[in-house]
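> Predicted model and sequence follow; I will ask about them next.
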Amino acid sequence: MASKIAKAIGFIGGLVAVVWAMRDRFIQVAVSREPQPPAFRSSPPTGDTGLQTVDGIGPTYASRLESAGITSTEQLARTDVGRIAEIADVSTGRAQGWLDQIK
C-alpha cells in the first residue's frame, strides 16, 4: 500500500515539475494572443503656434499667452520675463526657463 502511495506522489510530483518547467511557454502563448492596449497619446493640435514646442508650455499656458497677443516663440523671446510670468500666472523662474530654451 505504501509503495502505491509513493508511486502516486512521485507521478503527481513529476507532472507538477513538467507543468512548472513549461509555465513560461504557456504564459507566452497566452500573452501573444492578447490585443495591444490602446494608445493614449494624442497628436498635437493643428495650427500649433510654436509656443507648445517650448518644454513646459502646454495648451493652458499657450492659450494664456496667445490671449495677451504672444502667438509665437519670437514674440515670446522679445517679451520681458516679468510680463510673461504675469500673463501666464507662473513664477519668474519658470518664465526665465522658457526664455532660456528659446535663446
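Structure received.
> Okay, domains of this structure per the record?
Annotated domains of the chain cover 2-32, 51-102 [automatic domain parsing].
> contacting residues for residue 12?
With contacts defined as CB atoms under 8 Å, 6 or more residues apart in numbering, residue 12 has no neighbours. Every C-beta, even on glycine, is put in place using the N, C-alpha and C of the backbone.
> and it, which of the three is it?
What DSSP: H, G, I helix; E, B strand; the rest coil gives for residue 12 is helix.
> So which of the domains of the chain has the densest surroundings on average?
Among those, domain 51-102 has the highest mean neighbour count (mean count of other CB atoms under 10 Å), at a mean of 15.
> And residue 90, how close does it get to residue 54?
Here residue 90 is placed at a distance of 12 Å from residue 54 (CB to CB, to the nearest Å).
> Which SSE is immediately downstream of the lowest-mean-pLDDT helix or strand in the chain?
Least confident element among the helices and strands of the chain, by mean pLDDT, DSSP states H and E: helix 23-32 (a mean of 63). Sequence order places helix 59-67 as the next helix or strand after helix 23-32, per DSSP states H and E.
> Identify the residues contacting the host helix or strand of residue 94?
Assigned by DSSP H and E, residue 94 belongs to helix 92-102. By CB under 8 Å, 6+ apart, the residues outside helix 92-102 that reach it are 54, 55, 56, 57, 73, 76, 77, 81, 82, 84, 85, 88.
> Out of those, name the two that are farthest from one another.
The span of the contacts of helix 92-102, defined through CB to CB, is set by 55 and 82 at 20.7 Å.
> Pick out the shakiest of the domains of the chain, pLDDT-wise.
In terms of average pLDDT, domain 2-32 trails the rest of the domains of the chain, at a mean of 79.
> chain center to that domain: distance?
Remark: domain 2-32 is offset 40 Å from the chain centroid, using CA atoms, centre = their mean, to the nearest Å.
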